[in-house]
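Asks: need the 3D shape of this:
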Amino acid sequence: MNIRDPGLQAERTALAWHRTALALLVNALLSLRIGWGSENAWVTLLAVALLAASGLLVAQGAWRRRVLLSGRPPIAPTHWAVGFTAALAVAMSAVGLASLFVSG
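Replies: Reported below is the predicted structural model:
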């Protein structure tokens, strides 16, 4: 007899959103540190923008967790949320690479 607990899937999804948001937030902080350390205004400006976007993603993750664990039927994430997360990850990678070239 297999008893399925649908709450576990929602919890794993919520935790994945939270982990992604926190990883991007930490990367934004590291980029900000490199920008300040190299005294490069462009890297610092991009890092601040990424930090703000990461903050929005943390808020989105908290909202998503509340929705998934509320007991309502789970809904798929919106297209803008998925697109925003993907675009932020790409931007974070680009700034990370740029900061390596600037600091070297």
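Asks: and the gap between residue 16 and residue 90?
Replies: 18 Å (C-beta to C-beta, to the nearest Å). Heads up, the C-betas are built off the backbone N, CA and C, glycines and all.
Asks: then residue 28?
Replies: In terms of C-beta to C-beta, residue 28 sits 13 Å off from residue 90.
Asks: what of residue 79?
Replies: Taking C-beta to C-beta as the measure, residue 79 falls 16 Å from residue 90.
Asks: please apply the same query to residue 65.
Replies: Taking C-beta to C-beta, one finds residue 65 at 24 Å from residue 90.
Asks: who has more neighbours out of these two?
Replies: The neighbour comparison of residue 65 against residue 90 (other C-beta atoms under 10 Å) goes to residue 65, with 17 against 10.
Asks: for the more buried one, what are its contacts?
Replies: 14, 17-18 (C-beta atoms under 8 Å, 6 or more residues apart in numbering).
Asks: kindly recompute the last result at 6 Å.
Replies: residue 14 (C-beta atoms under 6 Å, 6 or more residues apart in numbering).
Asks: next SSE downstream of the one helix or strand it maps to?
Replies: Assigning secondary structure by DSSP states H and E places residue 65 in helix 41-68. Downstream of helix 41-68, the first helix or strand assigned by DSSP H and E is helix 79-103.
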